[in-house]
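Chemist: Need coordinates for the below:
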Amino acid sequence: MIYLFLKFLPYILVLYFVYRALKDPIFILGIPFLMFLRSSIFFESVELFRIPFRSFQSIDRNPDITLLVWMIIFWIIFRIRSEDFPTLNNIKHFSKFSIIDYSVAGLIIISLIGFGMVINEYYILNEVYDKIIILLALFVGFFIIKDVTGRVEINVLKKFFYNIVLVNSLASCFYFIHQGLHINLYASTNNEYLVTVFEGQVITRTFWFMPVLWFFSISYLLAMNRNKTILDYLLISINIIGIYISYTRSFLMIAILLFIAYYFLIGYKEKSLGKTVKNIFLASIAAVGIFTVVSNFLPASTNYFLSRFEELDDQPATAQNNNLVYRFYKIDRVIARMSTDKKLFGYGPVTEKQTPFVKVVDGATADMGWAEVVFRWGFLGLALFILLYVSSLIKAFFLFLRTEGIVSQLALMLLLTIISQVIEGFTSFTIMSPSRFALALWYFGVLSALIMAYDKKKKESQENLAPEG
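Modeler: Below is the predicted model of the structure:
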């Protein structure tokens, strides 16, 4: 019975978001987020979204292109539907770009330059056209999310993100059942990263079925409700336990950092250091309580995770430990093997068909997303990505400080999410994760739209206050 439920679960979720979209068109974009979560909610078995493209091999065989195409389709549906909801059009036109948009536009230009260089340099162009579409999907998705965000009411946007949090939390429950209770819910276990026996208990590590919106979910649950309910705390706990059972040291550290950053930011805005210290103290007590319960329930898993922290004292640059020193070593190998004439604009959309070196890059990117950034867009592209992240952090911080209500809460949520992604970029794919390119920059798109909305509202207020004549 449970497996029958899991088989139909993705379709149930699709129907739910379609139903919600009848009233609030933005919910149609929930389906691309389901595709983004992929195997963690059993979406890889859904053939419904591949059937229309059976005659187009590039789309049918490539999840990244499939996701992009459906995002464009749902965006068109959203725009058509939103015309029937005049209250949604609170930002009909963007009069100017922010530095975030200019950074993304610069990356688009570099992508096209790289594409031209590949066409000019290589005779065999197998898969190059697919690859340039995938790379451009990063930026097309950014502008789609920005446009959608700018056309919905702020309360509706909050509800939409809450539903995404609920889906990710559900995926975390499945992940815990698989990892912690060792009940196989997924169609295949061939994608286990590691299987070992520790203290007589079989320990598995997998990233294939792992929910990928943990840090966003925690950021939302921390930022969006100052007066948290029991359900909020339950959802936070579910996402943290999911992180815990992944046995990923960096993920647990990021989660802890998000709590500390949240309380410091709230305390800074309210100018209350005492409240900050008190909240961190209470959160620490709660963390100890959760750790005690989990360690008693899963003692072998807990001891295995603790043993992974002990490995940090071992010989640094080894593949077995795969710590930060070794990850920097791998990205240094990528940079060292890049031709001098490619270091400015990168190699563009080349594949293994053009140069076998791509396989080395892919291996390094799995541990540090910046490896492929440097390889694809060169140091100029890396500089633009750094500008994108730094400017977004600054913009989100000041938007959080200067506004109140839901806008301020969303700004804090995005600030915490971006902080988590900056750190995670040194430990995993992040924005360069395969099959997720079209939504990889979604939080930047939301932030850009919020900034435009705030600037427009601020300008209108100044014009209303300005003396006539």
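Chemist: for the protein, what are the low-confidence residue spans?
Modeler: 1, 84-96, 187-193, 311-322, 459-469 (pLDDT under 70).
Chemist: Please enumerate the strands of it.
Modeler: Here the chain has its strands, by DSSP state E, at 192-198, 201-206.
Chemist: In JSON lines, list these along with distance to Met452 and mean neighbour count.
Modeler: The C-beta positions use only the backbone N, C-alpha and C, and glycine is treated the same way. Formatted as JSON lines, these follow (distance: least, C-beta to C-beta, whole Å; neighbours: other C-beta atoms under 10 Å):
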{"stretch": "strand 192-198", "distance to Met452": "41", "mean neighbour count": "11"}
{"stretch": "strand 201-206", "distance to Met452": "40", "mean neighbour count": "16"}
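Chemist: Would you convert the ones you listed into a markdown table that also reports distance to Met432?
Modeler: A markdown table is the format used below for the strands of the chain (distance: least, C-beta to C-beta, whole Å):
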| stretch | distance to Met432 |
| --- | --- |
| strand 192-198 | 18 |
| strand 201-206 | 20 |
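Chemist: Of these, which is nearest His178?
Modeler: Proximity to His178 (C-beta to C-beta) singles out strand 201-206 among those, at 7.5 Å.
Chemist: quick check: angle from the closest one to strand 192-198?
Modeler: Taking axes from the mean of the first three to the mean of the last three C-alpha atoms, to 10 degrees, one finds strand 201-206 and strand 192-198 inclined to each other by 160 degrees.
Chemist: So Asn239 is in contact with Ser217, correct?
Modeler: Yes - under the criterion of C-beta atoms under 8 Å, Asn239 makes contact with Ser217 at 4.8 Å.
Chemist: between those two, what contacts are shared?
Modeler: With contacts taken as C-beta atoms under 8 Å, 6 or more residues apart in numbering, the residues that reach both Asn239 and Ser217 are 168-169.
Chemist: Run through the residues that contact Arg337.
Modeler: Neighbour list for Arg337: 357, 360 [criterion: C-beta under 8 Å, 6+ apart].
Chemist: if we go to 7 Å?
Modeler: Phe357 (C-beta atoms under 7 Å, 6 or more residues apart in numbering).
Chemist: And it, how far from Thr355?
Modeler: Distance from Arg337 to Thr355, counting by C-beta to C-beta, to the nearest Å: 10 Å.
Chemist: One more: Ser39?
Modeler: Distance of Ser39 to Thr355, given as C-beta to C-beta: 30 Å.
Chemist: Looking at these two now, which is surrounded by more residues?
Modeler: Remark: of Ser39 and Thr355, Ser39 carries more neighbours, 22 against 13, as counted by other C-beta atoms under 10 Å.
Chemist: Let's test this: what are the backbone torsions at the nearest residue to the more buried one once chain neighbours are set aside?
Modeler: Of all residues not flanking Ser39 in the chain, Phe209 sits nearest, at 5.0 Å (C-beta to C-beta, 6 or more residues apart in numbering). The phi/psi pair for Phe209 (degrees, to the nearest 10) reads phi -100, psi 10.
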